[in-house]
Each structure stands twice: as structure tokens, then as C-alpha cells.
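1. sequence unknown, structure follows:
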């Protein structure tokens, strides 16, 4: 299947979005120093950006480091260069080195527990919600719980939505661009 962007998506500026989204842009600018292009693109929806950020920032049983590992491997599987690029930066901020980040993109990690998480996340993503029994068993044998499994599914859904948004809109990547592997 050929990848075609049917609609040309420019990144909306603050003046082009709803007053609610303008306030969120101000908060993002204050926290990050800029509004990431993909977040700005969500602001085409008057309610989408707030809804997405609330979902993204909801409490979870996964650590920030685990979330970043999931975000990166899911983005790799889904072929989203924007999210790969963003989560390489965020992965470094959460304590991963470049070799560990490369391994995660390849669906593995040297730490057995994190390896089980990364492998299961990749498997679920590749197989649209299904996974091999061995990856599920390994996940649980590493000490993860049913709560962790539910939170993993929610994390995958969060990242998949952003992957799909970028894969369709192709808005410019405003992070150092991830190298192909």
C-alpha cells in the first residue's frame, strides 16, 4: 500500500487554534520552551489536545523509564519518525544511553524485566493487540502484574494514536531526527 498524505497539514499557530488550545500552548511553552509540532497538530480539534494531554499524563503503574521504553519501541514498530525522534530525546532524559535506546528500537533490552516489557509491547503492536504466550508468560515471570498489563495496553494506545497522527499528517519533526536502523 502506498503512503499518501491526502491533505496538506500545516502546523497551526497559536492564533489559529481555539482559546482553550491557546492556553494549553502557553502552558506547553512555559514547560517545554516550545509547542511540539505534533501537539500543535492535535489542536485542530478544539477538545483533542486537552483530552490527549490528560490521557498522556494520567497516573500509571509503569515508571517513566518503562513508559519511554514502550513509547520508543511502539514508535519504531509503527514507523513513526516523529515519535522515534522525540522519544530518543526523552529516553536520554530518563536515563537510557544511546546503546540502550538502539536496543529498545530493536525490541530488546539488557535488563531482563525491561526486556520482557519491550518484547511484549512490540509483539502487541505488531500483532494488533495479540501477543505470543511466551512473551506474555515472560512479562509475568519478570514480576509484572495484571495492572501493569492494562497500563501497558493503555501506553501502547497513547503512542499508537500519536504515531498514526504523524504518519498521516507528516508535520515537520522538531526534534533531532532519529537515524534509520
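-> Good, I have the coordinates. For clarity, every value in this text was computed on a predicted model and none was experimentally measured. Numbering: from 1, shown residues only.
2. below-threshold pLDDT in this structure: ranges please.
-> In the predicted model of the chain, residues 1-6 satisfy pLDDT under 70.
3. the helices in this protein, which residues?
-> In chain order, the chain shows helices spanning 19-32, 37-42, 48-56, 64-77, 81-93, 98-105, 112-126, 133-141, 146-169, with DSSP state H as the criterion.
4. what's the local residue count around residue 50?
-> Other residues near residue 50 come to 17 when the count uses other C-beta atoms under 10 Å. The C-beta positions use only the backbone N, C-alpha and C, and glycine is treated the same way.
5. revised request: answer the last question for residue 111.
-> Residue 111 has 14 neighbours, counted by other C-beta under 10 Å.
6. how far away is it from residue 43?
-> Using C-beta to C-beta, to the nearest Å, one obtains 37 Å as the distance from residue 111 to residue 43.
7. next: residue 85.
-> Distance of residue 85 to residue 43, computed by C-beta to C-beta: 20 Å.
8. neighbours around the closest residue to residue 46 other than its chain neighbours, how many?
-> Taking C-beta to C-beta, 6 or more residues apart in numbering as the measure, residue 46 lies nearest to residue 18, with 4.4 Å between them; neighbours along the chain are not counted. Summarising burial for residue 18: neighbours were counted as other C-beta under 10 Å, giving 15.
9. what does the one 4 residues further on give?
-> For residue 22, the count of nearby residues is 14 (other C-beta under 10 Å).
10. ditto for residue 93
-> Applying other C-beta under 10 Å, I find that residue 93 has 11 neighbouring residues.
11. ok, residue 40 next?
-> Number of residues near residue 40 (other C-beta under 10 Å) recorded here: 24.
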